[in-house]
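Colleague: Output the structure for:
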Amino acid sequence: MKITQIRLGTISVPLRVPFKTALRSVDSVEDVIVEIHTDTGAVGYGEAPPTGAVTGDTAGAIVGAVRDHIAKRLIGRDVDEFEDVLQTVQASVVRNTSAKAAVDMALWDLYGQLYHIPVYKLLGGARKSIVTDITISVNSPEEMARDAEDAVRRGYDCLKVKVGANKALDVERLLAVRQAVGKKICIRIDANQAWTPKEAVRILNRMQERGLGIEFVEQPVPAHDFEGMKYVTEQSYVPVLADESVFSPQDAVKIMAMGAADLINIKLMKCGGLYNALKIAAAAEIYGVECMIGCMLEAKISVNAAVELACAKKIITKIDLDGPALCREDPILGGAVFDEKQITVSDEPGLGIRGIEPGRLVYLP
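Modeller: Model (predicted):
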């Protein structure tokens, strides 16, 4: 199975409601799609969201990295030289992790098709289904309470609540959400780097003293501030999940060795795909640190790849793969079944993606 062509396109999927965090606000998913074609007729699918505020990857950067660097080193290669091909992707260009992730997952898709096995079974096959949380965007306390009530009506029992856009309101936001959904609903929060270490400890401890019952806080301080994150981990009542701080297996190992966080978030777009995500999971197994698997604001192809990993590894105990649930529609054919909080992986070879609805993918010249 030799690689003959790599095609790029874009896809737009509207959201149910605007997605708002401490870093950005968007109304639709606008992703780059990667198709890797082979001499057997098999096609591998990948996807990357331009999330410049987090990864630094714009749509133009993703397209340029794939077209001008990665593709040139893959055309003519045999998919069966799998380890070497995956390493080639990682070595082809500096950073550009989202572009690498899109190509990486398309290669895993092809490798699974080559050997007629789903990717999650290639990686370990721990389970067939997982349960995700759903994100509550940062808004006024009243609007967040309404959104939380709606999520619970849809069947979600774990909410990831965005905070940090207005520090003075953060406790009020959480109070409104907790009062709206009751004590039995799990609430985890994501500050998206919005606080200083001392602010984080003060806010988090106040939240717990108010009886808000926060499961954990995601990335309370700036990504580069490992020492600050360690301070929060040691001083806060609330466990800390490292997210934007983890762009590589090396980052993950450093954080775990320092004791800078209680949990590690694996995101394919930050670490460059399944190849490096597996290394993070293996390190976490050694350190005994549980992982969450998350996504950016992504459509189904790339989240589907994350589902394959989540269903393969027991060290991944927290699931934040709500991208498709936040979308108003799903133009992707095949792959995992997203039924609100319940996600069931496909048993089709590779990623199980059969294609995209006609007219939805706009190919780039």
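Colleague: mind checking pLDDT for Val17?
Modeller: Val17 carries a pLDDT value of 87.
Colleague: Is it in a helix, a strand, or coil?
Modeller: strand (DSSP: H, G, I helix; E, B strand; the rest coil).
Colleague: what residues are up against it?
Modeller: Contacts for Val17 (C-beta atoms under 8 Å, 6 or more residues apart in numbering) come out as 137, 147, 326. Where you see a C-beta, it was placed from the backbone N, CA and C, and this is true even at glycine.
Colleague: the helices in the stretch 151-300 of the chain, which residues?
Modeller: When assigned using DSSP state H, counting those that start in this stretch, the helices of the stretch 151-300 of the chain occupy the ranges 170-181, 197-209, 226-235, 249-258, 268-271, 274-287, 300-310.
Colleague: Quick check: mean pLDDT of the fourth one?
Modeller: So the one you mean is helix 249-258. Mean per-residue pLDDT for helix 249-258: 98.
Colleague: by how many degrees do that helix and helix 274-287 diverge?
Modeller: 10 degrees (axes from the mean of the first three to the mean of the last three C-alpha atoms, to 10 degrees).
Colleague: Same check on the first one?
Modeller: What separates the directions of helix 170-181 and helix 274-287 is an angle of 90 degrees, with the same axes, to 10 degrees.
Colleague: quick one: buried residues of helix 170-181?
Modeller: 170-171, 173-178, 180-181 (16 or more other C-beta atoms under 10 Å).
Colleague: Go ahead and flag the most central residue of this protein.
Modeller: Centroid-nearest residue in the chain, with C-alpha atoms, centre = their mean: Cys295, separated by 1.5 Å.
Colleague: That one and Val303 touch, don't they?
Modeller: Yes - with contact defined as C-beta atoms under 8 Å, Cys295 reaches Val303; the gap is 5.0 Å.
Colleague: sorry, back to before: out of the contacts of Val17, which is most surrounded?
Modeller: Ranked by the number of neighbours (other C-beta atoms under 10 Å), the contacts of Val17 place Asp147 first, at 21 neighbours.
Colleague: That one in helix, strand or coil?
Modeller: helix.
Colleague: Need the pLDDT of it.
Modeller: pLDDT for Asp147: 97.
Colleague: Spatially, which residue comes closest to it, not counting chain neighbours?
Modeller: Ile136 (5.1 Å; C-beta to C-beta, 6 or more residues apart in numbering).
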